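> Pasting the sequence and the predicted model now:
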Amino acid sequence: MPAATGFFSRVYQTVRRIPRGRVATYGQVALLAGTPRGARAVGWALRALRAGTAARVPWHRVVGAGGRLSPRAGGGEAIQRARLAAEGVTFRRGRVDLGRHGLR
């Protein structure tokens, strides 16, 4: 699976470049990682993060289209919301305000 590993590495590098207080959608991360239309694969990559790597990859800064938080096992959605709020990210009707916090 070298191709998957290379893709996952590109995703993690891309996510690390999202500034604090900003978010990117899965689709934006896919495009920036060189795989347009690979939004679902970005989700797979983030789901595959191991504990040690997860601490160095700000996965919480990646949101669904329209600013939706994606459900995650183990209370991940609540963790994501709390981490984003701690960075000053605001929500509008339960979604991240992409106009204000989206990656430009």
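Everything's here; your move. Residues are numbered from 1 along each chain as shown.
> show me where this protein has strands.
Ranges of strands in the chain, per DSSP state E, are 24-25, 62-63, 91-92, 95-96.
> middle-most residue in the chain, spatially?
Geometric centre of the chain, nearest residue: residue 62, 1.8 Å, by CA atoms, centre = their mean.
> Pull the contacting residues for that one.
Listed by CB atoms under 8 Å, 6 or more residues apart in numbering, the contact set of residue 62 reads 15, 18, 23, 24, 25, 26, 29, 42, 46. For every residue, glycine as well, the C-beta is placed using N, CA and C.
> Contacts for whichever helix in the chain runs longest, please.
If you go by DSSP state H, the chain has its longest helix at helix 2-16. Identification of contacts with helix 2-16 by CB under 8 Å, 6+ apart yields 24, 29-30, 32-35, 38, 41-42, 45-46, 48-49, 53, 56-59, 61-62.
> I'd like the distance from it to the chain centre, please.
Computed by CA atoms, centre = their mean, to the nearest Å, the chain-centroid distance of helix 2-16 equals 13 Å.
> Quick check: buried residues in it?
Buried residues in helix 2-16, defined by neighbour count with 16 or more other CB atoms under 10 Å: 7, 8, 10, 11, 12, 14, 15.
> which ones are touching residue 92?
residue 67.
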